[in-house]
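*Asks:* pasting the sequence and the predicted model now:
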Amino acid sequence: MQFSELKLGDIVFMNGQGTNGASVIKAQTALQKVCLFGRDSWQTRAASPETYHCGIVCHVEKNKVELAHAASKGFARIEIAADTLGSETGLYEGSSFKVFRCQSCRGLADLSGIIARKWVPCNSQPRFWKGEEYYYGPAAYSARKAYRTFGRSSHYGSGAKQQAALYFQHQDGSVPALHNETGIKQMFCSMFVVAIWQAAAGPDASAQVMAKDARFTSPMALEGYLVQNNFWDELGGLDRSWLSS
């Protein structure tokens, strides 16, 4: 499909070679799939073993589509047709996109895109935290949380529902946190995508369309869940030809 066919709330996965950190996450998720750790191992089996990153479509115009994602420099909004897309997402030669859409719940999909814009309100001013420069959004990426997904179940249990309720209460702005200097909850890429959708759906509807524990859902586990959820359709690959235009 063409990038101009994307809609608000679409989830876009990157497959192939990623950054070193992404490779670690891929490896530990693949190991979890083989060793049958956690109650969601059956879902990771349905995913591509090369999935390493994901984001959510947050802005659509005639000739402009923006993707919101949690990247190493912080929460980011990037124009998906921009020349910087490769470097910003760690999208190397030979990598590809895969798109999923919730066809039967357009209202929630549109709302999730709007919430993503609110959680990542800017895309031009850098900010500094602990001497590091972070771009585009008010919150930082958490590699520690991403690595913590290993050996943990992303089953939608009571703790996950409490988190979904928290996200739902903060549709209009970033989720607060008590344990980091920014005061804003840090996330990794798939945690961010799950949280956005749960902020739109709330804890009850999430049980149908996004029944995952955001804190422990790797990109591969999220993809496997969507593959096996009847509310979601896999639209196939996204044409990369614009990257060289």
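*Replies:* On my side now, so go ahead.

*Asks:* buried ones in the strand ranked longest in the chain?
*Replies:* Secondary structure assigned by DSSP state E gives strand 51-60 as the longest strand of the chain. For strand 51-60, a neighbour-count test (16 or more other Cβ atoms under 10 Å) marks 51-60 as buried. C-beta coordinates here come from the backbone N, C-alpha and C atoms, glycine included.

*Asks:* tell me the two of the residues you listed that are most distant?
*Replies:* In the buried residues of strand 51-60, the most distant members under the criterion Cβ to Cβ are 52 and 60, with 24.6 Å between them.

*Asks:* sorry, back to before: quick one: which of the buried residues of strand 51-60 is nearest to residue 218?
*Replies:* residue 51 (8.4 Å).

*Asks:* who touches that closest one in this structure?
*Replies:* Contacts for residue 51 (Cβ atoms under 8 Å, 6 or more residues apart in numbering) come out as 13-15, 26, 98, 219-220, 223.

*Asks:* let's see the top helix by length along the chain as CSV, backbone CA atoms only.
*Replies:* Counting by DSSP state H, the longest helix found in the chain is helix 189-209. Presented in CSV, the C-alpha positions along helix 189-209 are these (Å, rounded to 0.1, in the frame of the first residue of the first chain):
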residue,chain,number,x,y,z
CYS,A,189,7.9,1.8,21.4
SER,A,190,5.3,-1.0,21.7
MET,A,191,4.4,0.1,25.3
PHE,A,192,3.6,3.6,23.8
VAL,A,193,1.4,2.2,21.0
VAL,A,194,-0.6,0.0,23.4
ALA,A,195,-1.0,2.8,25.9
ILE,A,196,-2.3,5.2,23.2
TRP,A,197,-4.9,2.7,22.1
GLN,A,198,-5.9,2.0,25.7
ALA,A,199,-6.2,5.7,26.4
ALA,A,200,-8.7,5.9,23.6
ALA,A,201,-10.6,2.7,24.4
GLY,A,202,-10.5,2.6,28.2
PRO,A,203,-10.1,-0.6,30.3
ASP,A,204,-13.4,-2.2,29.2
ALA,A,205,-13.2,-1.8,25.4
SER,A,206,-9.4,-2.5,25.5
ALA,A,207,-10.4,-6.1,26.5
GLN,A,208,-11.6,-6.4,22.9
VAL,A,209,-9.3,-4.3,20.8
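
*Asks:* which helices and strands does it pack with?
*Replies:* strand 51-60, strand 65-71, helix 106-119, helix 143-147, helix 158-168, helix 219-227 (3 or more Cβ pairs under 8 Å, 6 or more residues apart in numbering; DSSP states H and E).
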